Each structure stands twice: as structure tokens, then as C-alpha cells.
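> With the sequence up front, the predicted model follows.
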Amino acid sequence: MSFTPFDPLEFKNTKVNEAALGALKREISNILSSYVGWYDPFCELIQNALDAVEARNAAEKAAGTEAAYQPRINIRIDLDENALSVSDNGIGLDKEKFEQFLAPNFSFKDGKTRGHKGVGATYVAYGFNYMRVSTKVPGFEASGRIIGARNWLKGNASGANPKVEPDDSKLADEAFLKNDRGVSITVRFDATTHPRQLSWLQAITAATWQKILYIKTGLGSVIPDANVEVVIDVVAKGIHTSVTHMGTAYPWLYQGAAKKASFNELVEAQDLLYKKFGAGRKMPDKYSNLDFIYETWSSNQLMALLGGTLDDEEKEVLERYTPVVSVEFGYTAKLWTQFNDALGLRSKVLLSGIQLAANNMPQGETILVPLSRNIGRQHQVHFLIHFDNYTPDLGRKGFHRELTDFAKSVTRQLTETHLSKMRHLLKANTGTSPDLVRELAIDEWKTEMLAHEAKEPLSLTSPHFFLPIERVSITSAPTREQDVIALFHQLIAGGVIRGLNMMSTNERFTYDGLFKIVFDLAPELYIYDQVTNPLGVPEITGKALSGKVTTPRILEYKFSLDGLVEDFDSQDKNIKDVDLCVAWSTGDLYKEKFGIVSLLLPENADQRQYHGITHVLVDLESGAKYCDLIILGELIDSLNSPDTTADAQRLKYE
């Protein structure tokens, strides 16, 4: 549907004279000056889209048609075109609102929405030199663009006021065409805008942008909404990536941690132990060596916890703005550093400290917790404080002094008086490199076992043992890790796997055992032959290593390789430490991060570095080796039926 080009400012003043126009320009300039954040355009467009889908959801619910409506927001970041598009299938703009919503300090929203001061749309229209807006509602559909508005505002362009003109060209976000109603807005960036280049951040994939936007915009809802479908599309150097995520929620690091507990849960556990056993009782293991302690306190709970230490102004803030305070307390400040480093951006997006929030979304930059003792802990806590009945100043200028003072005071007291009492339940953070601590402990273990081996050697040699039965005594496939260990050691004892000397199995250390690779027998016993010795090494390797014995190496037993992948993901074990994993099957979890090279294929046998290795776990992208594998189920299949197994191996791994 077409329309007559219109000046968005005419609605503010039916008679636009030079004086009135000058006043409007100053009004708009003041609005733009309050938007100083790099992510401000993302914040404004996304919060408008969230408000729109929530408004429609409420309307559909009132009409009894809520079940047929799926709220959806599409975010398209085109680094090649230096453009941002945000589309929604929300309430949409009718003709009257379409012509009015860009005017400064004019809003159709109420105080319960994320943006209701009437400045965000003006910022988007006049803060950039290209904005396109498309709308669909029953009975009205239009698409228009406003060009050069920022240059006009700064006096860098001549001519009349910029107008919103009809535009029937191809939409930047064609997904909007499928929506029955809603709004789609596109802005383009240039040398005069902030930001100038979206590529500056060095985020080039949808997965990375997803993390950024859930931290920096209204997608990080303080109150989660699982019903909104969020689609993020990114174009960078001609490559398109996409992520679809259900729901909006603040991205807490503790949610992905392997071991965590809530503060109140720990208090209850301590009280229960005290009542049953008295003072000094050690907490259960599930509450020790935690990665994070987390909690959320309502305003009533804060009053009960801190009421005696709050001054009158702080109590007034509690009553008037009913703040909700959430926290995660990590064992080391490096948790936030590692998160940012993994993103590989030019600036950090998630920091320890205090994040203030209002209108159900984080706003502004983080504030340092002003601790008076144990200063280092200010980098181990991340607070989110949400205030009701409040909206920050224009744009993201900030929160009023009494609110920031309240935030600093409350977070200091919570950290020093309450969270610090639970510090002993977090993982130890000695200040020494965790890698170095781990490596030294492993070296000590190896040295200890070498000394034990020298002091109490075990030897059993006899021509009467191990022959002539020519079969293993285990009669059924393993069903658990213990079965895998028993079968593996039978295969070693029976000479199926040769040249592995088992030094230690261990219950007190992180890893299962130590072994040495030995080539102390006649070289031909280790050398590969497709029929008589299919688990052997190349002839050149067998002869070169004849008589050699390696230093101790680390061995892991698993029923399935899935268990080892889970250990790596939870950081219970380090992939750099493990040399060999013996398992019955590979499982499926490795496929997300790792590749596997099969040495059970005759054409790959020359890659085997010592006897018995069936596979190699490698990096999915580079192919770099992580550790050796002996997958017993596939080893036995290969020995029983080599040709059939080889075909299956090619199908599975190639």
C-alpha cells in the first residue's frame, strides 16, 4: 500500500516555521547526545520488537487466540552491507501511528513497557542516514525510508526536512514477508554514526552475536520469557550463519557450570548439619569445590537479610522500587575473562561487578562492587539488580544517584557479610596457574609410581601360562566400565595388545591409571601384518623403537567415549593430560567437537604409533591429535571380520 511522503516532525508542530524547526532540531540533538553506547541501536530496535510481540500476545490472549500465535523476532546483522535489521510479528503500526511514531517525545506505550519515553524511534530515525520501516496490520501495509536525516540534523545537508518516502524495493530481511503483521526496521551505519562499522567488533557468526545480544540488549530479560522465538542471522564476507533460540533470559555463567549451588541451599545444608552433628561437621562433597554460588533475593528478603544495616534512603528505595538482587559468585575472576576470550572480540561484553536493570532488561555499564576488605573478590561476583517503577534517563545516561548508591551498598554488604562466609566451599584459587598446579601434581604421581615400581616389581613368566586356550574368558559384551577394564587386561595378557605395561590404577587422583609403552620384545612381535598382526605398527617404527621404554603416560577407562567428553566439558579432566582412552564404544557426543581417525582401516595402519591403538581422537577443524583410543567393541569386530568392519569404519568415520 502506497502513501504520500510525510515529514515526521509535522505532527509535533502543525506550523513549522524557522524558530520551531530550530527548537525541534535542538530537541532531537539532545536525544541523540544521550545515546553514547556502541550497542544502543541494537537495544532500541530489539526492545521495541519485544514490546510489540508482548502487546500482540496480550491481545491474542484477550481474544482467545493465544495458542495460534508464536511471538518471533528476527535480527539480521549484515557486516558486508554494514546494516542492522530487526523484524517482529507483533502488534504492528496502523497508518496513524506509522506517521507519528518517529516524532520526538511521542509514544504509544505505557510505563510498563521497556521503552515509553518516546525517544528511541527518534534516535533510530535521526541518528542514522538510512532507516527503512515496514509495517503490516489488518487494513494497512506500508514500507518507507528516510535518508540523510543525521546529516540534515547536523547541518551537513541542504534542502527541506527529510521525509519518509514510499519504498517498494527488496527488504533487507525477507523473512518479514511471511509475517501476517508486525514491523521491520533496517538502519545502515556510516562514518558519521555510532557505531561506524559493525565489523569493528570482530564478531562474524550468529552464535557469537547471540551471546552478545543476550548480554547487551533486552533479550537478556530479567524475567525470562520462554515463548519468544529469536532468530539471529549474520552475513560476513559472503558467509551466512543463523541461530534460532527459544526464549529470552539473562545469560548467567553459573548455568553452564559443572558444579554450583544456591546460597540459600548452602545455608539450609549448614543449619541441618549443625542441628544433627553440632559444630565443625564437613559439608557433603556435592557442596565442595564449587564453580559458582548463586542466589536471587526479593526486596522483602533483602529487608529481612540486611534491614538492620540499611539507612533510611536505602529502605525507601526498597519500598518504592522493590529491587530484586541476583548474584553469581565464582571461584576465580578468570571465569569472566575466559568467557570474553572465547568470543574473540575487540571489547569485553560480560564483566564482574554490578549490572543495573529496569523495564525487565539490563541497562548501562557495570559498576565495581566497592569492597572495603578482600578487594580481589569484587572481580569474583556479578550482580544483577532490577528496579521496578523506574526508567533511566534519556537513552542510557544512567540511573539516579540514590539507586546506584543503593546498589553499591547492598552488594558490598552481601559480598562481605554473607557470600564470603561460603568462600571455602568454592574451588581453591591459589593464584598459581591451574595448569601448572595440575601438571605438577601429575608429575608427582608419575614419580611416585616409578619409585613404587622399582621398589616392588611384579613379574610372572612361565611357558605354561596363557596358552593354549586361544580365547578370552569373558563371555559377554561389557555393560559397564569395570567390564571394559577386565576385558582390556585380558587382551593384554593374551598378547592381542602388546607393549603396554600397566603401572597403576588410581582412585585418589583425577585420572584412572598410568602405563608405559614398551618395545622390549623381538621387533617382529610389534610389526603390522594384515592377517597375523593387524594391530601392529609399521616396520620402520618397530625397528626404530626396538628396546625403548617411554616415560609414564595417563590412561582413562570409560564404557563409552561419551563419558570422557563429558569430563572434558565439565573441566573435571583436562584434554591435554590424557594420552590413551580405553572404551567399549565411541558414543555420539564426540561428534560436536572432535573427529576420529580409524586405524582399523588397512590404509591407515601406518599411522599407528604403538601396538593395539584402534583410533585417534582429533580436532574437528584442524585434525590435530588429542589422544589415542582403543575402542574394544570395534577392535573385536575387526579381528573377527576385518573386511566387513573396514567397510563399516569408512562409513562411520569418513
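Sure thing, it's come through.
> so where's the stretch 251-400 of the chain shaky on pLDDT?
Scanning the stretch 251-400 of the chain for pLDDT under 70 picks out the ranges 393-397.
> The same query, at a cut-off of 90, please.
For the stretch 251-400 of the chain, applying pLDDT under 90 flags the ranges 274-285, 288-289, 307-308, 332-334, 337, 359, 363-365, 371-379, 389-399.
> And the helices in it, which stretches?
263-277, 299-306, 312-321, 334-343 (DSSP state H, counting those that start in this stretch).
> Of all these, which one comes closest to Trp152?
Relative to Trp152, the nearest member of the helices of the stretch 251-400 of the chain by CB to CB is helix 334-343, separated by 37.0 Å. C-beta here means a position set from N, CA and C on the backbone, and glycine is covered the same way.
> The closest one packs against which elements?
With contacts taken as 3 or more CB pairs under 8 Å, 6 or more residues apart in numbering; DSSP states H and E, helix 334-343 sits against helix 206-216.
> try it again with 7 Å
The contact analysis (3 or more CB pairs under 7 Å, 6 or more residues apart in numbering; DSSP states H and E) places helix 334-343 against no helix or strand.
> low-scoring stretches of the stretch 551-654 of the chain, by residue?
Residues of the stretch 551-654 of the chain meeting the criterion pLDDT under 90: 563, 565-576, 589, 591-594, 619-624, 654.
> Now do the helices in it.
561-570, 632-640, 642-653.
> Columns mean neighbour count and distance to Val582 on top of those helices, output as CSV?
Output for the helices of the stretch 551-654 of the chain, formatted as CSV (neighbours: other CB atoms under 10 Å; distance: least, CB to CB, whole Å):
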stretch, mean neighbour count, distance to Val582
helix 561-570, 19, 10
helix 632-640, 19, 7
helix 642-653, 14, 18
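> Export these to JSON lines and append columns for distance to Phe189.
Below are the helices of the stretch 551-654 of the chain laid out as JSON lines (distance: least, CB to CB, whole Å):
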{"stretch": "helix 561-570", "distance to Phe189": "38"}
{"stretch": "helix 632-640", "distance to Phe189": "54"}
{"stretch": "helix 642-653", "distance to Phe189": "45"}
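> Can I get the helices of the stretch 251-400 of the chain in CSV including mean neighbour count and distance to Cys627?
What follows is these, written out as CSV (neighbours: other CB under 10 Å; distance: least, CB to CB, whole Å):
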stretch, mean neighbour count, distance to Cys627
helix 263-277, 13, 37
helix 299-306, 16, 48
helix 312-321, 16, 54
helix 334-343, 16, 22
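> got a markdown table for those helices, with distance to Leu351 too?
Output for these, formatted as a markdown table (distance: least, CB to CB, whole Å):
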| stretch | distance to Leu351 |
| --- | --- |
| helix 263-277 | 21 |
| helix 299-306 | 23 |
| helix 312-321 | 24 |
| helix 334-343 | 6 |
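> Met131 is nearest to which of those?
Nearest of the helices of the stretch 251-400 of the chain (CB to CB): helix 334-343, 28.7 Å.
> Just the CA atoms of the closest one, as CSV, please.
What follows is helix 334-343 as a C-alpha-only set of coordinates in CSV (Å, rounded to 0.1, in the frame of the first residue of the first chain):
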residue,chain,number,x,y,z
LYS,A,334,39.2,-15.8,35.3
LEU,A,335,35.7,-17.2,34.7
TRP,A,336,34.6,-13.9,33.1
THR,A,337,37.9,-13.5,31.4
GLN,A,338,37.7,-16.9,29.8
PHE,A,339,34.1,-16.2,28.6
ASN,A,340,35.2,-13.0,26.9
ASP,A,341,38.4,-14.5,25.5
ALA,A,342,36.4,-17.3,23.9
LEU,A,343,34.3,-14.8,22.0
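> Would you mind getting the angle between that helix and helix 206-216?
Calculated by axes from the mean of the first three to the mean of the last three CA atoms, to 10 degrees, helix 334-343 forms an angle of 140 degrees with helix 206-216.
> who's in contact with helix 334-343?
Residues external to helix 334-343 that are found in contact with it (CB atoms under 7 Å, 6 or more residues apart in numbering): 208, 211, 253, 348-352.
> Can you tell me what sits against stretch 53-73?
With CB under 7 Å, 6+ apart, stretch 53-73 has contacts from 49-50, 86, 88-91, 227-231.
> Show me which of the residues you listed are buried.
For the contacts of stretch 53-73, a burial check counting by 16 or more other CB atoms under 10 Å picks out 49-50, 86, 88-91, 227-228, 230-231.
> I'd like to know which of the contacts of helix 334-343 is nearest to Arg26.
Using CB to CB, the contacts of helix 334-343 come closest to Arg26 at Val349, 33.8 Å.
> circling back: pLDDT, distance to Asn57 and secondary structure added to the contacts of stretch 53-73, as a markdown table?
Shown next, in a markdown table, are the contacts of stretch 53-73 (pLDDT from 0 to 100; distance: CB to CB, whole Å; DSSP: H, G, I helix; E, B strand; the rest coil):
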| residue | pLDDT | distance to Asn57 | secondary structure |
| --- | --- | --- | --- |
| Ala49 | 95 | 13 | helix |
| Leu50 | 95 | 11 | helix |
| Val86 | 97 | 18 | strand |
| Asp88 | 97 | 11 | strand |
| Asn89 | 97 | 10 | coil |
| Gly90 | 96 | 8 | coil |
| Ile91 | 95 | 9 | coil |
| Asn227 | 94 | 7 | strand |
| Val228 | 97 | 9 | strand |
| Glu229 | 97 | 12 | strand |
| Val230 | 98 | 15 | strand |
| Val231 | 98 | 17 | strand |
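> Fine by me, we can end here.
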